[in-house]
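> A structural model of the following input is requested.
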Amino acid sequence: MKKKAVVNDTSVCQVRIQAISDTMSVLSGKWKFHIVGTLIEGNKLGFMDLLREVNGIGTKMLSKELQDLEMNQLVSRTVMNTKPITVEYALTEYGKTLSPLIDELAKWGVGYRQSIIDSKSI
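As a prediction, this is how the structure comes out:
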């Protein structure tokens, strides 16, 4: 039986680690996944709608997180010509690419929680 050659390509590993680091940097914090997940479900939402949907977040934090997501081109901000002025937030096309990632994280979280519950009932 022939052994498979072990390839130790540190450049591939470094690129992968850098990509993960970049992702975690852009999506770090307690609220960004919740905001993005809410926008995936709600499509376009106003600031107050987001404030109601993202349980526990304050106005200053929501504003800061939305600015970060906008700066990283994951969320768009549209000022509507209404009185009073209203602002709508939506995921950009690139922001929408996070949907499968968030779905997989949710699936993993459900499975993990179930495994903890199952291990405690033994």
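
> so how many other residues sit close to Glu70?
Counted with other C-beta atoms under 10 Å, the neighbours of Glu70 add up to 15. Every C-beta, even on glycine, is put in place using the N, C-alpha and C of the backbone.

> wait, Val36
Here the count is done by other C-beta under 10 Å, and Val36 has 22 residues near it.

> Please, which helix or strand holds it?
helix 32-42 (DSSP states H and E).

> got the contact list for that helix?
Outside helix 32-42, the residues within contact range by C-beta atoms under 8 Å, 6 or more residues apart in numbering are 26-27, 45, 49-50, 53-55, 57, 62, 65-66, 68-69, 74-75, 89-91, 95-96, 98-99, 102, 105-106.

> And it, what's buried?
For helix 32-42, the neighbour count (16 or more other C-beta atoms under 10 Å) marks Lys32, Phe33, His34, Ile35, Val36, Gly37, Thr38, Leu39 as buried.

> try stretch 41-51
Under 16+ other C-beta under 10 Å, the buried positions of stretch 41-51 are Leu45, Phe47, Leu50, Leu51.

> Of those residues, which belong to strands?
Leu45 (DSSP state E).

> per-residue confidence at Ser28?
Looking at Ser28, its pLDDT stands at 89.

> That concludes my questions; thank you for your assistance.
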